[in-house]
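Trainee: Below are the sequence and a predicted model; questions follow.
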Amino acid sequence: MSISELGYSLDEWDIETIDEDELGAIVDLTNEISAESEPRHTDLTTDEFRMFVNSPGQIRRRFVVRSRTYSPVALLSTNYADDGSNRGRLRVIIAVAPEHRRRGIGSRLLDKAVAIAKELERSTLTGEVSDTVKAGRAFLTAVGGKATLEHHLNSVEIADLDRDLLEQWVDQGPERAPGYSVHVFDGNFPDEHLEGMAHLYLVLERDMPTPEGQEPREWTPDLIHQFMEHYLQGTEALTALAIHEESGQAAGMSQLVRRTANPSTWIVTTTMVDPVHRGHALGKWVKGAVNIDDRWPEGEYQETENASTNDAMLGINHAMGFEYGLTMAEVEVDVDQVERYLDSTDH
Ligand SMILES: CC(C)(COP(=O)(O)OP(=O)(O)OC[C@H]1O[C@@H](n2cnc3c(N)ncnc32)[C@H](O)[C@@H]1OP(=O)(O)O)[C@@H](O)C(=O)NCCC(=O)NCCS
């Protein structure tokens with residue numbers, strides 16, 4: 001059945017040109033769907049939405065399904081990196097308002113995603129499901145896809161963090177890592193560290209657990225700068241950077257980010273140490289340094305996502321008091337398989 005036979009319309013929209021009221025209705029739908037999966041969700045404003053869904057470095061298309069009363073009821077977005085990495089893969093986000101599920105809308109959107117993948121000669125669709133919304137996993141199973149990597153969303157109440165332990169990690173830093181220094185930056189990175197940060201992002205993507213077949217993307221100093229400027233429109237960031245003094249190389253980092261509109265929840269975006277600089281407790285030093293920085297004296301929660309197989313990171317986070325919250329899974333399905341599924345159902 002087509003989307004119009006189901007009683008809906010499907011339109012592509014552009015974030016630069018969409019009417020403000022129409023965008024507002026799409027943001028309301030996104031907030032409703034996010035509240036279902038994120039335990040501590042607070043609504044995004046239209047400006048925040050614009051920022052979060054439009055980060056640099058990606059090529060995107062977006063679609064909205066509307067009911068007969070012109071209310072948005074489902075969304076599809078597709079994206080891929082603009083640097084030529086992961087040429088066989090297309091990232092897909094599909095979300096349907098709870099009261100419009102099980103009518104075949106998700107399947108129609110998947111059909112649209114397949115058409116885009118074929119135009120781009122990409123053979124695998126990738127996405128994410130959360131265990132807080134059972135329908136996501138059920139849909140994936142019905143379509144014949146699979147989960148490839150699980151992430152745990154872990155959190156800690158900031159008041160419960162062991163400050164003595166964090167201070168100890170910082171105090172012991174120079175002794176356990178002689179020849180290194182740690183600096184904490186508020187906001188964007190100073191120009192002289194952009195090259196080092198680009199190197200760390202590449203190492204991170206190369207090194208962290210990722211689904212098989214996923215390649216790291218290219219990171220340039222310019223993209224790092226643009227990326228930070230983009231997010232700093234609606235967030236604040238504190239970044240601890242470890243430098244190997246003799247070579248001047250960036251050796252590791254830890255970053256906290258918070259939404260300006262919701263400063264009580266801090267997100268740990270990245271903590272990493274370049275493998276060539278491991279074994280000197282730099283991970284603890286950068287983690288401690290960003291956490292005890294007095295520029296952010298108060299907050300309620302910290303949240304972080306860790307691959308469930310990442311023992312080194314989980315070890316540090318458990319020592320800090322982080323506790324398991326929920327599981328999200330990276331998922332994928334071949335375009336051929338989706339076509340077989342769609343041919344076999346009357347959706
Ligand atoms: C996953 C989601 C997009 C499915 O949308 P939908 O419009 O309900 O999908 P469809 O009606 O096309 O369902 C297709 C098939 O998937 C399976 N399915 C979907 N939801 C299911 C559920 N809650 N329980 C069991 N099976 C389910 C069924 O086999 C269904 O066919 P059927 O209704 O004939 O039995 C929707 O539930 C949603 O938005 N979830 C939250 C966001 C999310 O997790 N997205 C993941 C994709 S990136």
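Mentor: Looks like it arrived, so ask away. No experiment lies behind these values; they were computed from the predicted model shown.

Trainee: contacts and neighbour counts: CA atoms only from here.
Mentor: OK.

Trainee: need the longest helix for the protein.
Mentor: Longest helix in the chain by number of residues (criterion: DSSP state H): helix 20-37.

Trainee: Distance from that helix to the middle of the chain?
Mentor: Chain-centre distance of helix 20-37: 18 Å, with C-alpha atoms, centre = their mean, to the nearest Å.

Trainee: cool, and stretch 212-226?
Mentor: Averaging C-alpha positions (C-alpha atoms, centre = their mean) puts stretch 212-226 14 Å from its chain's average.

Trainee: Spell out which residues of the stretch 51-200 of the chain are next to the ligand.
Mentor: Contact residues (C-alpha under 6 Å from any ligand atom) of the stretch 51-200 of the chain with the ligand: 92-96, 101-107, 127-129, 133, 135-136, 138-139, 142.

Trainee: Please repeat the previous calculation with a cut-off of 8 Å.
Mentor: Neighbours of the ligand within the stretch 51-200 of the chain, by C-alpha under 8 Å from any ligand atom: 74, 92-98, 100-108, 126-130, 133-143.

Trainee: Mind giving me the ChimeraX select for these, buried ones only?
Mentor: Buried members of those, defined by 16 or more other C-alpha atoms under 10 Å, are picked up in ChimeraX with:
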select :74,92,93,94,95,96,104,105,106,107,108,126,127,128,129,130,137,140,143
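
Trainee: pLDDT averaged over the longest helix of the chain - what is it?
Mentor: Mean pLDDT, computed over helix 20-37, is 96.

Trainee: what comes up buried for the helix or strand just after it?
Mentor: Using DSSP states H and E, the helix or strand that follows helix 20-37 in sequence is helix 46-52. Under the neighbour-count criterion of 16+ other C-alpha under 10 Å, helix 46-52 has Thr46, Glu48, Phe49, Arg50, Met51 buried.

Trainee: Which other helices and strands does helix 46-52 contact?
Mentor: helix 20-37, helix 221-231 (3 or more C-alpha pairs under 8 Å, 6 or more residues apart in numbering; DSSP states H and E).

Trainee: In TSV, list those helices along with mean neighbour count and distance to Arg163.
Mentor: Converted to TSV, these look like this (neighbours: other C-alpha atoms under 10 Å; distance: least, C-alpha to C-alpha, whole Å):
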stretch	mean neighbour count	distance to Arg163
helix 20-37	16	31
helix 221-231	17	28
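
Trainee: Please identify which of those is closest to the ligand.
Mentor: helix 20-37 (6.6 Å; C-alpha to the nearest ligand atom).

Trainee: which other residues reach that closest one?
Mentor: Outside of helix 20-37, the residues within contact range by C-alpha atoms under 8 Å, 6 or more residues apart in numbering are 41-46, 49, 64, 71-74, 95-98, 130, 132-133.

Trainee: Also stretch 290-298?
Mentor: Here stretch 290-298 makes contact (C-alpha under 8 Å, 6+ apart) with Arg163, Leu166, Glu167, Val184, Leu238, Thr239, Ala240, Ser254, Gln255, Leu256, Ser264.

Trainee: ok, how many other residues are close to the residue nearest to the first one when sequence neighbours are not counted?
Mentor: Right, Arg163. The shortest distance from Arg163 to any non-neighbouring residue, by C-alpha to C-alpha, 6 or more residues apart in numbering, is to Ile292 (7.4 Å). If you count neighbours by other C-alpha atoms under 10 Å, Ile292 ends up with 15.

Trainee: Can you check what pLDDT the model gives Ile292?
Mentor: 94.

Trainee: for the one 5 residues further on, same thing?
Mentor: Model confidence at Pro297, expressed as pLDDT, equals 85.

Trainee: Reduced to three states, what does it come out as?
Mentor: At Pro297 the chain is in coil, as set by DSSP: H, G, I helix; E, B strand; the rest coil.
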